[in-house]
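Q: here is a sequence with its predicted model. Questions after.
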Amino acid sequence: MSEAASLSKAVPTPDHITDAVFYDFDMFFDPAYLADPHKRVQDLLDNAPPVFWTPRNGGHWMLVSHAANFEAARDTETFSSEVIPHAQIEAILAQLPPDTPPIPRAYPINLDPPLHAKYRQPVQGVFSPKAINLLKESIRKLAGELIDAVLDQGKCEFMSTVAQPLPVQVFLKLLGLPVEKFQTYSALVKAHLSATAGDAGSAIARMQDVALAMRDTIIARRDDPRDDLISLLWTVKIDGQPTTQQDIENYGVLMFIAGLDTVMQGMGHGVRHMAMHPELQSELRANPALIADATEELLRRYTFTVPPRRLNKDVVFEGVQMKKDDRAMLFLPGADLDPKEFPDADRVELNRGGKPHIAFNAGPHRCLGSHLARVELNILYEEVLARMPQFRLDPERPATFSGGHIIGVQELHLVWDK
Amino acid sequence: MKIRINKAACVGNARCWAVSEALFPLDDDGYIEVEEVDVPAGMEALARRGARACPERVIEIIDEDGDPK
């Protein structure tokens, strides 16, 4: 996504959109957003309405304030996660020829209660804080190896050498997929990251590739269980029924699309901040017990996910008329930089009195993998600070970013003295 | 001092548990296990911190006089 990328075409403004709530912002290609994303987020908080409608990318609402995001995320009756209604998708799939290859469905991220809970409950225990804590030492080992591999170079492109491989390796280990699949999944992550918005056909093909790459292992674990997530998924029940091959592939695809580039971007934003703030590195190296607080505060300062919703009914929300089937984005980066909620929101302050952020969203769709993400981020920061000397941004090669539903760090060049 | 939790509204952030595993026990799914906790003497500050850490704002501290804080 270079600076030459052009804005999507503006669609006509529907009648219920007033001038007071209209603001032209392209969440995929806005040039200022791609140049320095969170600076543009602050600009939106200062200059755009707290809830606005933009004509870009087909036309949609942007919920920018903390109050709007917090309310909408928990009001699943109004703000549906079924961007295409579940019944409609089922009807389309039912009409496909019987020999069509299975189309993975990333349940339950795209389902509303009560169906949402049926698919979420079986995997909650697997991602509980206690279960995730058991993975800490193996994650620490993987992180240490990746960092040590670049130490002698005095420089690295952090995303491709550390931030991307680490979550892929954790994903392989957690699911029980063979390490030889590393290249396959790395390539799938790259394809996922470089995909352009709105191409549903290639998105389905990529999800099918993700499912295909784990199919052999899923079948093998059914008959010969081991100590891994895929084996465990064969033992859980969905709504009282044993899981099927398709169910397990669906979960695997969910974990792929929700758990890899997300953690990776969190690492990119956090390490970039540290590279720009040597005083923070010094403080954390002197007192590593503060790194857990830094993990939370960097998640708040650089919240990076923008989950989509569909209006389930006509509603007046935060004083704004919305219509059934309008689309709305939970612009969580805005929520966590809202000065009404966080004074001096642009500053990274390790002691904010325990005030919580909503980087993992709020309400029943709270990120299932949040505890794993926290552990991965926390350990990565600990190992970077313990193993690397003071590092800074490469002045010759500035960081590059991508927009859309995840604010991504494309390239992050670091340098340090050997 | 008591902690009162709207258990049905817990979504499993477990931030209270990160403050104090003793005051805020979790079930096997990682969600809060209790609705009310008597805060032992000396743990009042932890109780308040745990309540404040809840992103869903479903934890309430009840002081000796019975007033929610």
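A: Yep, it's here.
Q: relative to residue A:121, how far out is the closest residue to chain B within the stretch 1-150 of chain A?
A: Residue nearest to chain B within the stretch 1-150 of chain A: residue A:128 (3.0 Å; Cβ to the nearest Cβ). Backbone N, C-alpha and C define where each C-beta goes, glycine included. As for residue A:128, its distance to residue A:121 is 12 Å (criterion: Cβ to Cβ, to the nearest Å).
Q: repeat that for residue A:55.
A: From residue A:55 to residue A:121 the distance is 40 Å (Cβ to Cβ).
Q: who has more neighbours out of those two?
A: For residue A:55 versus residue A:121, the count of surrounding residues by other Cβ atoms under 10 Å in any protein chain shown is larger for residue A:55: 21 against 15.
Q: next, give phi and psi for the residue of the stretch 1-150 of chain A closest to chain B.
A: Main-chain torsions, residue A:128, degrees, to the nearest 10: phi -70, psi 160.
Q: how about it, nearest residue that isn't a chain neighbour?
A: residue B:30 (3.0 Å; Cβ to Cβ, 6 or more residues apart in numbering or on different chains).
Q: am I right that the one you found falls within a strand?
A: No. Residue B:30: not assigned to a strand; according to DSSP: H, G, I helix; E, B strand; the rest coil it is coil.
Q: I'd guessed it sits against residue A:130; true?
A: Yes. The criterion here is Cβ atoms under 8 Å, and residue B:30 meets it with residue A:130 at 7.0 Å.
Q: remind me what the host helix or strand of residue A:401 packs against, helices and strands.
A: For residue A:401, the element it lies in under DSSP states H and E is strand A:400-402. The contact analysis (3 or more Cβ pairs under 8 Å, 6 or more residues apart in numbering or on different chains; DSSP states H and E) places strand A:400-402 against helix A:31-35, strand A:408-411.
Q: what residues sit buried inside stretch A:140-159?
A: By neighbour count on 16 or more other Cβ atoms under 10 Å in any protein chain shown, the buried set for stretch A:140-159 is A:142, A:143, A:144, A:146, A:147, A:150, A:156, A:157, A:158, A:159.
Q: ok, the nearest residue to the fourth one once chain neighbours are set aside to chain B distance?
A: Spelled out, that is residue A:146. Leaving aside its sequence neighbours, residue A:146 sits nearest to residue A:162 (Cβ to Cβ, 6+ apart; 4.7 Å). Between residue A:162 and chain B the computed distance is 25 Å (Cβ to the nearest Cβ, to the nearest Å).
Q: could you give the number of residues near residue A:162?
A: So residue A:162, with other Cβ under 10 Å, has 25 neighbours.
Q: over to residue A:293?
A: A count of nearby residues for residue A:293, using other Cβ under 10 Å, gives 16.
Q: which SSE is it in?
A: Residue A:293 belongs to helix A:291-301 when elements are defined using DSSP H and E.
Q: how far off centre is that helix?
A: Computed by Cα atoms, centre = their mean, to the nearest Å, the chain-centroid distance of helix A:291-301 equals 16 Å.
Q: ok, now stretch A:16-25?
A: Remark: stretch A:16-25 is offset 28 Å from the chain centroid, using Cα atoms, centre = their mean.
Q: who's in contact with it?
A: Residues from elsewhere that reach stretch A:16-25, judged by Cβ atoms under 8 Å, 6 or more residues apart in numbering or on different chains: A:10, A:13, A:33, A:44, A:48-49, A:51-56, A:62, A:320-323.
Q: try 7 Å this time
A: A:13, A:44, A:48-49, A:51-56, A:62, A:320-321, A:323 (Cβ atoms under 7 Å, 6 or more residues apart in numbering or on different chains).
Q: just stretch A:182-194 next, same as before
A: Residues from elsewhere that reach stretch A:182-194 (Cβ under 7 Å, 6+ apart): A:164-165, A:168-169, A:171-172, A:206, A:209-210, A:213, A:260-261, A:408.
Q: enumerate the positions of it that are buried.
A: Quick answer for stretch A:182-194 (16+ other Cβ under 10 Å): A:184, A:185, A:186, A:188, A:189, A:192, A:193.
Q: and chain B, which residues reach chain A?
A: With Cβ under 7 Å from any Cβ of the partner chain as the criterion, chain B meets chain A at residues B:11-15, B:17, B:26, B:28-30, B:49, B:52-56.
Q: looking at those residues, which two lie furthest apart in space?
A: B:28 and B:52 (25.8 Å; Cβ to Cβ).
Q: between these two, which is the more surrounded one?
A: residue B:52 (17 against 11).
Q: low-scoring pLDDT stretches of the stretch 151-300 of chain A, where are they?
A: A:196-198 (pLDDT under 70).
Q: show me where it has strands.
A: In the stretch 151-300 of chain A, the strands defined using DSSP state E, counting those that start in this stretch lie at A:155-157, A:237-238, A:241-242.
Q: same thing with chain B?
A: Using DSSP state E, the strands of chain B run over residues B:2-5, B:36-38, B:59-62.
Q: okay, buried residues for the longest helix anywhere in chain B please.
A: Looking across chain B with DSSP state H, the single longest helix is helix B:44-52. Neighbour-count burial for helix B:44-52 flags B:46, B:47, B:48, B:49, B:50, B:51, B:52 (criterion: 16+ other Cβ under 10 Å).
Q: show residues contacting it.
A: Residues outside helix B:44-52 that contact it (Cβ under 7 Å, 6+ apart): A:353-355, B:1, B:3, B:16, B:19-20, B:23-24, B:39, B:59-61.
Q: of the residues you listed, keep whichever come out buried.
A: Buried by 16+ other Cβ under 10 Å: A:354, B:1, B:3, B:16, B:19, B:20, B:23, B:24, B:39, B:59, B:61, out of the contacts of helix B:44-52.
Q: can you list the residues of chain A near chain B?
A: With Cβ under 7 Å from any Cβ as the criterion, chain A meets chain B at residues A:124-125, A:128-130, A:353-356, A:358, A:362-364, A:366, A:371.
Q: emit the ChimeraX select command for whichever of those residues are buried.
A: A single ChimeraX command selects the buried members of the residues of chain A next to chain B (16+ other Cβ under 10 Å):
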select /A:124,125,128,129,130,354,356,358,362,363,364,366,371
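Q: now, the most widely separated pair of the residues of chain A next to chain B?
A: The two members of the residues of chain A next to chain B with the most space between them (Cβ to Cβ) are A:125 and A:353, at 31.6 Å.
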